[in-house]
Structure formats: C-alpha cells, structure tokens
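Peer 1: What would the 3D arrangement of this be:
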Amino acid sequence: MADETKAAASFPKTASLQQGAITVDDVTRALPHALGPEKSLLSSMLQDPQEYLAVAIEEKLTKEHFYLPAHSTLFGFLIELFEAGHEVELVSLVQRLLDRGLLDRVGGPATLTDLYTYAPSPGHFRHHLQHVKDKFVLRSIIQNSNEAIAQAYDAPDEVASLLDTVEAKILAIREGSETNKALTVRQTVVDVLDQFQALLAGEKGAQGIPTGFDELDRMTNGLKPGEMFVIAARPSMGKTSLMMNLVEHVCIELGKASLVFSCEMSAFQLVQRLVFARSKFAISQLTRGYSPNKGDLQRIQRAAMEITNSKLFIDDTPGITINELRAKARRKKRDEDIQFIAIDYLQLMRSRTKQAENSREREIAEISAGIKGLAKELNIPVLILAQLNRGPEGRTGKSLGVPRLSDLRESGAIEQDADLVGLLYRSAYYADNQEEREAEAGKAELVLAKNRNGETGAIPLTFIAEYMRFENGPPASEAPR
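Peer 2: Presented below is the predicted three-dimensional model:
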C-alpha cells in the first residue's frame, strides 16, 4: 500500500486550463500567444481595410485566432463592417463601437488611436498573420489535450470512442476545419450559383460524381459530396459487382482517388473481379479448358495496367469497427485526397460502444450514423452495401422477390441516415423453371426507393453474369415529369 501511495505521489500532475492559462505542477503559465503580431495585424487592417481585411478573410482568419479579448472583439467588428460594405475610419469606428456598447471592450479611444499609429511594415502582414495562426493552433492542441486527459480519467471503458474523438479533433486542427465553421454563408452562396450556371450550361457531373449508369445519373445528378448512398439487396443479387462497377468508373474512367472497405471479400478477390469484369473475360472459361486468345490476353493486360495506374485503395480488414474505418478514411483523405468511399457491407461492421453491446439494432444505428457523419466530415460521397431481410422471399405472385424500403435489415436508422437508397433486384433469381430463368436472364433493376434531392423510381440494368458486370439497360418506359 505504501508503494502505491509513493507511486501516485511521484506521478506528474495533470495539466489544467483556466482563464487563458495552464497550470502544470502548480506552476501557472500563460497560453501561447503573440500580442505584437496581433496588434500589427489590426493596425494594418485599420489603415488599409480594403486590402488587409480581404486578405484576412481569404486566409480564413477568425476572431478566435486572437488571444487578447479586446483584439478578438475589434477584429470581429471590423469584419462585420467590411462585409456590410461600411467604410472603416477612426471617427465613425469609435462612434459605431460606442453605439453598440463595445468601445470599452476594445480598450477605448486611446487603444484605437494607438493601433492607428502603430504603423507596422506592410510587407510583414502575412508573416505576422502566420504567427497568430500558429499560436492559435498551439492553444487548440493544449485545450484538446486537456479535454482528452479529463475524458480518459472519466470514461475509461469507452476507449475506442474516445480515441476516435481525440483523433478527429486533432485532425480538425491540422486541416483548419474548425476555423472554417466561423465563416459567413457568402462563399456557399457563390458555390450554389456557380453550380447553377454549370447545370444551365449542361456540364456533366456539375453537381456530383457520375456513376456511369445514365438513368441513375439523370435521377440523382451524380453522387454529391456529403451524401450516403445505400445499395441494398438479398444475397446473390450482385451487390458487390455493382459496387465495383461504380468504383471502376469513378476511379479509372474519372481518375478520382477511391477507397474500398471490404469486410467480406479479400483484396485479391475484388481486384480479380475488377480485372476480368473490365476486360470482359469470363474466368470460369479456364476451368472448362478454354485457352485465351491474343485479343483476350491484350484486354486483360490493358485492364490490369489501367487498374495498376489508378488511385484505388482497398482495405479488407474483416469485422472492421466504425471507429477504425473512420480513422483510416481520414488518413487517406489527408494523404491521398480520396474523393469516393465504398463499403461492403454494413452488417459485417462492428461498433464497440457499451450501448451497442446489448442491442444489434443500436449497433447498426451507430454504424449508419457514423458513416453519414464521415461523408459530411470528409465532404465526399460514401457508398455502402446493406443486406435486406427475408421479406422479398415471403411475397407471392409478381411481387415475389421484389424488395421494399421496409426490408432494410435490423434498423430503420439506415433509411433515416441515407440520402439515397437503391434496392437491387434480379427476377431470374426467383424463376420457377429453366424456361423462365432463360427468359429473365440478364434483367436487373435498381429501384431508387429514396432520393432526398430528386425523383425515385426503377432503373433498368443489364447483368452479364459471366463477367459479374452490370451495364446500362434500356431507357425508362416513362419520361420524367
């Protein structure tokens, strides 16, 4: 017992953050700051607001970057005046601050006069701005580290969840995403109008990433950043094949870096499918004694080279947890700037939180919400496959096997979180005899049962079983309204 007490006494005291200072081992230290550069920035902005306030906005500088409260308040007010189109000069600025009850909070007229006469060198503005931003990053690291320390003591059972939260916060500091949230809606409006102009001009993929399936692209305008697209079906419908067809188009035809998480098949199996589907060579022919001719070999070699040169990344970790998946996706986004993620499939993933241990429905809901959150965080579309329950098999007549949105297995949260839900169906699978199977062979439908931003309906596809490949089917029978 005495040894334990001695060990506890020798363990370093936890740092604590209080009112702009940090206490370590009973020694109070001010948080990192750069008051001189802060003053220099404000002085330049007051003397030439059109030039330097514009640079500050461009560099995503916010009032949170300023350590001194008076500096933070003044900068926020200057940005407000600038964006409203008001002139920034000393007399009217003092009056406006007085009218708003902010004059004392920025230090009074004397402080403003001192800032006006500070006269820093204009050439040092960006250098001083970087100083201020660097100190803000250091303060953010300290603050998040202290929060992590406190949470590590308070919630020792939620280790995986805590690790995910801590990593997300540190990456947010690195990528500057926390400062972006303080910006006004102005840039977003500009982006919306730019997209509108592109759509008017008929530019393909103006809103999202084209899938390569014409009717799906028409109904959705492509896969948009932040969207979660669920493709669900019963086993053996070809979910994985359709997913890899989409990945092939995005990664090879469009040249966009893509990341595939495969919980069911190995990376070797996926790449094998991709090579032979792209080269349109039925590998099953080899078991029947067929020898590839020169044209076959050339197509296989070309497909293999195209896949090799693409930026396709495959992670085949079995039973991956949502926290592990999100961590790996963040790193690939940071290192490779991935533009598309595909996951096969949702019900094979896991969540390790306490709540998920006792409820499979709760676990699926956490995974679904985590994937949707990842799509928004990385601002890229995420495609995820899902299993349907046995509902389609229980139907009769012409409805036999036809999937419905209510068939999504284990959780209604999937339907709630998804922006797009496609239900894949092949009628030949449910044929009663050989004659019917031959008549229905190759027919497939992707029923777009949910589309948050557009129309729904059936999308005809053609399934080429020997190549494990889906292709554009005949046009829709009814023109869009």
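Peer 1: and Phe213, what does it touch?
Peer 2: 246, 446, 459, 461, 470, 472 (C-beta atoms under 8 Å, 6 or more residues apart in numbering). For every residue, glycine as well, the C-beta is placed using N, CA and C.
Peer 1: Okay, it and Ile384: tell me how far apart.
Peer 2: To Ile384, Phe213 is 17 Å away according to C-beta to C-beta, to the nearest Å.
Peer 1: sorry, back to before: show me the contacts of Phe213 that map onto strands.
Peer 2: 446, 459, 461, 470, 472 (DSSP state E).
Peer 1: so can I have CSV of those showing pLDDT?
Peer 2: Shown next, in CSV, are the ones in strands among the contacts of Phe213 (pLDDT from 0 to 100):
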residue, pLDDT
Leu446, 90
Ile459, 89
Leu461, 90
Phe470, 89
Asn472, 85
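Peer 1: which among those gets closest to Ile283?
Peer 2: Phe470 (17.4 Å; C-beta to C-beta).
Peer 1: Tell me which residues touch that closest one, please.
Peer 2: So Phe470 contacts 213, 238, 241-242, 245, 444, 461-464 (C-beta under 8 Å, 6+ apart).
Peer 1: Kindly give a single PyMOL line that selects the buried subset of these.
Peer 2: Buried members of the contacts of Phe470 can be picked out in PyMOL with the line below, counting by 16 or more other C-beta atoms under 10 Å:
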select buried, resi 213+238+241+242+245+444+461+463+464
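Peer 1: Nearest to Ser43 among the contacts of Phe470?
Peer 2: Phe213 (57.8 Å).
Peer 1: In the protein, where's the longest helix?
Peer 2: helix 125-154 (DSSP state H).
Peer 1: At which residues are the strands of the stretch 51-200 of the chain located?
Peer 2: Shown for the stretch 51-200 of the chain, no strands are assigned by DSSP state E, counting those that start in this stretch.
Peer 1: Retrieve the pLDDT associated with Ala465.
Peer 2: pLDDT, Ala465: 82.
Peer 1: Can you tell me the number of residues neighbouring it?
Peer 2: Using other C-beta atoms under 10 Å, Ala465 is surrounded by 14 other residues.
Peer 1: which ones are touching it?
Peer 2: By C-beta under 8 Å, 6+ apart, the neighbours of Ala465 are 441-442.
Peer 1: swap in Val189?
Peer 2: With C-beta under 8 Å, 6+ apart, Val189 has no contacts at all.
Peer 1: Looking at the contacts of Phe213, which is nearest Leu286?
Peer 2: Phe470 (22.8 Å).
Peer 1: who's the closest one bridged to?
Peer 2: Applying DSSP bridges to Phe470 gives these bridge partners: Phe463.
Peer 1: how about the helices in the stretch 1-150 of the chain?
Peer 2: For the stretch 1-150 of the chain, applying DSSP state H, counting those that start in this stretch gives helices covering 2-10, 35-47, 49-58, 69-84, 90-99, 108-116, 125-154.
Peer 1: What of the stretch 251-400 of the chain?
Peer 2: 267-279, 294-309, 322-336, 354-357, 360-378.
Peer 1: Output the contacting helices and strands for the longest one.
Peer 2: Contacts defined by 3 or more C-beta pairs under 8 Å, 6 or more residues apart in numbering; DSSP states H and E place helix 360-378 against strand 228-233, helix 322-336, strand 340-344, helix 354-357, strand 382-387, helix 413-417.
Peer 1: buried ones in it?
Peer 2: Buried, per 16+ other C-beta under 10 Å, within helix 360-378: 362-375, 377-378.
Peer 1: residues in contact with that helix?
Peer 2: Contacts of helix 360-378 (C-beta under 8 Å, 6+ apart): 168, 225-228, 322-323, 325-326, 329-330, 333, 338, 341, 343, 346-347, 349-351, 353, 355-357, 381-382, 384, 410-411, 413-414, 416-418.
Peer 1: what angle do that helix and strand 228-233 make?
Peer 2: 140 degrees (axes from the mean of the first three to the mean of the last three C-alpha atoms, to 10 degrees).
Peer 1: got it, and the first one?
Peer 2: Our comparison of helix 267-279 with strand 228-233, counting by the same axes, to 10 degrees, yields an angle of 90 degrees.
Peer 1: For helix 267-279, the averaged confidence score.
Peer 2: The model assigns helix 267-279 a mean pLDDT of 88.
Peer 1: Output that helix as CSV, nothing but the C-alphas.
Peer 2: What follows is helix 267-279, C-alpha atoms only, in CSV (Å, rounded to 0.1, in the frame of the first residue of the first chain):
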residue,chain,number,x,y,z
ALA,A,267,-8.5,-7.5,-51.8
PHE,A,268,-7.3,-10.3,-54.1
GLN,A,269,-10.8,-11.4,-54.9
LEU,A,270,-12.0,-7.8,-55.5
VAL,A,271,-9.1,-7.0,-57.8
GLN,A,272,-9.6,-10.3,-59.7
ARG,A,273,-13.2,-9.4,-60.3
LEU,A,274,-12.3,-5.9,-61.4
VAL,A,275,-9.6,-7.1,-63.9
PHE,A,276,-11.8,-9.7,-65.6
ALA,A,277,-15.0,-7.6,-65.5
ARG,A,278,-13.2,-4.7,-67.1
SER,A,279,-11.6,-6.9,-69.7
